[in-house]
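*Asks:* Pasting the sequence and the predicted coordinates here, then a few questions.
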Amino acid sequence: MREEIAMERIPVSGPWITQKEIDYVADAVAHAWYANANMYHERFQKAFAEYLGVRFAVCLPSATSGIHLSLLALGVGPGDEVIVPDVTWIASTAPITYVGATPVFADIDPQTWCLSTASFVDCLSPRTKAVIPVDLYGSMPDMDSLLAAAKHRGVAVIEDAAEAIGSTYKGKKAGSFGDTSVYSFHGSKTLTTGEGGMLVTDREDIHQRVLILRDHGREPGDRMFWNKEVAYKYKMSSMQAALGLAQLERVEELIARKRQIFGWYVRELAGLEGLTLNYDPPDKQVVHWMITVIVDPRFGIEKHRLMDLMSERGIDCRPFFHPLSSLPAYVDNGQARQAAQRNVVSYRISPNGMNLPSGMNMTEEKVAYVCSALRDILKL
Ligand SMILES: Cc1ncc(COP(=O)(O)O)c(C=O)c1O
């Protein structure tokens, strides 16, 4: 059985699509045109806002565009600094450069792997305009202390919940903490539209501003091609919105599957000396988008070598995100060298972390195979 599994490569991620998704997309292709062009956008946005318990949701082509629009709507621009966790996907930070502001890389917390409040406070300066906490791999930062510190200093919060559908913090859903928050529906995500994203907010002023900024600077509903400013074109297609709606109607099922996959990994790996999985808080109310293992440095195998060895066994893994301050992309960022000195947790964890296959099609047998390969490599 295990050999049979090894014959087909195990991908690192992938969706769970049913007939419902196919039917909704087919219906959008057939009917979402002319006066009905936005029917699936409207349903998806309304249902998503209701699901999160926020007032407004705007579907977009990506979470990256959501962060870009958030920064623009909050008035972040040249001369401003935006604090971000050093360890995240570059999409969390690239839009800071798009608007001419400067990313400042703060350290992560050793348990949650999310932005450390203490490090955030250390990085504050008179130029700090916003902070982008990231719910990394579905984990949640200590929102209470982070939001209190941000509020105290008048710093706007953009929550990057791209990876965190289904996660909650003290009973409140990921994506409901920021002045704005964003979700990604990239093909690897728990809830997917292939490519896509959502910006959510409770603030009417931001909602209105985003609707203008994302449609070439014209008022919502404008039919007269009356552009009041030069802006952006950030829209989702109706086929994507239909797919998103179908997935959202199954969200509890998607979340339950993710939790189940995590449970299988825990059963196989938890308790093994030298391995650390994603932090699972006592209330179990987070959904681990990418199930991730940190391997103690005493094994003497850093993540790239480990990935190669897993790949030889037919298993696709991904590296724990590198500290952004270590990437060539930020070689000209004046703060990166300082960050590399300061962010000891980021630099300690990242070299030994690896995302394990976490796709929605994982089975108990596949998880057992992946874990036996890992144990075999590490001689555990
Ligand atoms: C933490 C984080 N932020 C932002 C993004 C960007 O999402 P998108 O690819 O939809 O732009 C991703 C995507 O993987 C992500 O993981």
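*Replies:* The structure has been received and is ready for your questions. Residues are numbered from 1 along each chain as shown.

*Asks:* List the buried residues in stretch 335-348.
*Replies:* Buried residues in stretch 335-348, counted by 16 or more other Cβ atoms under 10 Å: Gln335, Ala336, Ala339, Ala340, Arg342, Asn343, Val345, Ser346, Tyr347. (Each C-beta comes from the backbone N, C-alpha and C, glycine too.)

*Asks:* With adjacent residues omitted, what lies nearest to Met143?
*Replies:* Tyr169 (4.9 Å; Cβ to Cβ, 6 or more residues apart in numbering).

*Asks:* For Arg218, see how far away the residue of the chain most remote from its centre is.
*Replies:* In terms of distance from the mean C-alpha position of the chain, Met224 ranks first, at 36.9 Å (Cα atoms, centre = their mean). Met224 sits 8 Å away from Arg218, going by Cβ to Cβ, to the nearest Å.

*Asks:* now swap in Leu199 and tell me
*Replies:* In terms of Cβ to Cβ, Leu199 sits 18 Å off from Arg218.

*Asks:* Between those two, tell me which one has more neighbours.
*Replies:* The residue with more neighbours, out of Leu199 and Arg218, is Leu199; 30 against 17, by other Cβ atoms under 10 Å.

*Asks:* Wait, the more buried one touches Ser184, no?
*Replies:* No: under the criterion of Cβ atoms under 8 Å, Leu199 makes no contact with Ser184, lying 11.0 Å away.

*Asks:* Can you get me a residue count around the closest residue to Ala174 other than its chain neighbours?
*Replies:* Computed as Cβ to Cβ, 6+ apart, the closest residue to Ala174 that is not its neighbour in sequence is Ala164, at 3.7 Å. Residues lying near Ala164 (other Cβ under 10 Å) number 30.

*Asks:* hang on, Ser358 in a helix?
*Replies:* No: checked against DSSP: H, G, I helix; E, B strand; the rest coil, Ser358 lies outside a helix; its state is coil.

*Asks:* That one against Trp289, yeah?
*Replies:* Yes: contact criterion Cβ under 8 Å: Ser358 and Trp289 qualify, at 6.8 Å.

*Asks:* what do the two both touch?
*Replies:* Common neighbours of Ser358 and Trp289 (criterion: Cβ atoms under 8 Å, 6 or more residues apart in numbering): Lys258.

*Asks:* Tell me the helix or strand right after the helix or strand harbouring Glu253.
*Replies:* Counting by DSSP states H and E, the element that carries Glu253 is helix 251-269. For helix 251-269, the following helix or strand on the C-terminal side (DSSP H and E) is strand 275-277.

*Asks:* Close to the ligand: what parts of the chain are there?
*Replies:* Contact residues, the chain versus the ligand (Cβ under 6 Å from any ligand atom): 62-64, 88-89, 91-92, 134, 160, 162-163, 184, 186, 197.

*Asks:* can you do 5 Å?
*Replies:* Within reach of the ligand by Cβ under 5 Å from any ligand atom, the chain has these residues: 62-64, 89, 91-92, 134, 160, 162-163, 184, 186, 197.

*Asks:* In helices, which of these appear?
*Replies:* With DSSP state H as the criterion, helices contain Ala63, Thr64 from among the residues of the chain next to the ligand.

*Asks:* and the residues of the chain next to the ligand, which of them are in strands?
*Replies:* Asp160, Ser184, Gly197 (DSSP state E).

*Asks:* ok, how many other residues are close to the closest residue in space to the last one that isn't next to it in sequence?
*Replies:* Meaning Gly197. Computed as Cβ to Cβ, 6+ apart, the closest residue to Gly197 that is not its neighbour in sequence is Ala63, at 3.9 Å. Per other Cβ under 10 Å, the neighbour tally for Ala63 reads 28.

*Asks:* Tell me who's in contact with Ala63.
*Replies:* By Cβ under 8 Å, 6+ apart, the neighbours of Ala63 are Ala91, Asp160, Ala162, Val182, Tyr183, Ser184, His186, Gly197, Met198.

*Asks:* one step back: gap between the residue nearest to Ala174 and Val287?
*Replies:* 7 Å.

*Asks:* do the same with Val331
*Replies:* According to Cβ to Cβ, Val331 and Val287 sit 35 Å apart.

*Asks:* Break down the stretch 1-150 of the chain into its strands, ranges please.
*Replies:* For the stretch 1-150 of the chain, the strands defined by DSSP state E, counting those that start in this stretch cover 56-60, 81-85, 102-106, 128-131.

*Asks:* so where's this protein uncertain?
*Replies:* Scanning the chain for pLDDT under 70 picks out the ranges 1-7.

*Asks:* quick one, helices of it?
*Replies:* Going by DSSP H, the chain shows helices at 2-7, 19-31, 39-52, 63-73, 94-98, 117-123, 143-152, 204-213, 238-249, 251-269, 303-312, 336-342, 344-349, 364-378.

*Asks:* Measure how the fourth one sits relative to helix 204-213, angle-wise.
*Replies:* Just to be clear, that refers to helix 63-73. Relative orientation of helix 63-73 versus helix 204-213 (axes from the mean of the first three to the mean of the last three Cα atoms, to 10 degrees): 120 degrees.

*Asks:* Go ahead and measure how far helix 63-73 is from the middle of the chain.
*Replies:* Relative to its chain's centre, helix 63-73 lies at 14 Å (Cα atoms, centre = their mean, to the nearest Å).

*Asks:* Could you export that helix as CSV, CA atoms only?
*Replies:* Written as CSV, here are the backbone C-alpha positions of helix 63-73 (Å, rounded to 0.1, in the frame of the first residue of the first chain):
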residue,chain,number,x,y,z
ALA,A,63,-4.9,39.1,-1.6
THR,A,64,-1.8,41.1,-2.9
SER,A,65,-4.2,43.6,-4.6
GLY,A,66,-6.1,43.7,-1.3
ILE,A,67,-3.0,44.8,0.6
HIS,A,68,-2.2,47.3,-2.1
LEU,A,69,-5.7,48.8,-1.9
SER,A,70,-5.6,48.8,1.9
LEU,A,71,-2.4,50.8,2.0
LEU,A,72,-3.8,53.2,-0.6
ALA,A,73,-7.1,53.6,1.2
